[in-house]
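1. no sequence on this one, just coordinates:
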């Protein structure tokens with residue numbers, strides 16, 4: 001509502017306001033005949049690439065955030081992955097067979 005108060009319809013369309021409020025691009029409105037406006041493949045590809053880029057930025061920021069917390073002893077170190085060897089699998093299957 002505030003954006004509409006500060007910008008006329010000529011300055012900023014309703015679609016532009018919705019995109020800004022929702023934080024996304026390529027909003028798809030139905031046209032006057034109520035048929036869905038379908039984006040082109042190139043538009044979808046561009047949107048996917050933009051989302052992937054934002055995801056990588058967020059993941060990088062999260063990794064950096066965790067490193068800072070761990071460096072200041074505010075977060076425990078990540079758990080060490082447990083590696084299962086073929087021998088462990090063999091021993092587990094023997095134990096299972098013995099219990100039957």
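-> Nice, I can see it. Just so it is clear, the model here is predicted, and its values are computed rather than measured.

2. confidence-wise, which helix or strand of this structure is lowest on average?
-> Within the chain, no helix or strand scores below helix 86-99, which has a mean of 62 by mean pLDDT, DSSP states H and E.

3. what's near enough to touch residue 66?
-> Residues near residue 66 by Cβ atoms under 8 Å, 6 or more residues apart in numbering: 75, 78. For glycine as for every other residue, the C-beta is placed from the backbone atoms N, C-alpha and C.

4. any low-confidence regions in this structure?
-> 1, 3-4, 22-36, 88-100 (pLDDT under 70).

5. show me the strands in it, by range?
-> Applying DSSP state E to the chain gives no strands.

6. can you give me the helices for the protein?
-> 2-6, 14-22, 41-71, 86-99 (DSSP state H).

7. what's the most buried one of those?
-> Neighbour counts (mean count of other Cβ atoms under 10 Å) averaged over each of these peak at helix 14-22, with a mean of 13.

8. and that helix, what does it pack onto?
-> Judged by 3 or more Cβ pairs under 8 Å, 6 or more residues apart in numbering; DSSP states H and E, helix 14-22 is in contact with helix 2-6.

9. ok, back up a step: turn the helices of the chain into CSV, including distance to residue 77.
-> Shown next, in CSV, are these (distance: least, Cβ to Cβ, whole Å):
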stretch, distance to residue 77
helix 2-6, 46
helix 14-22, 38
helix 41-71, 6
helix 86-99, 24
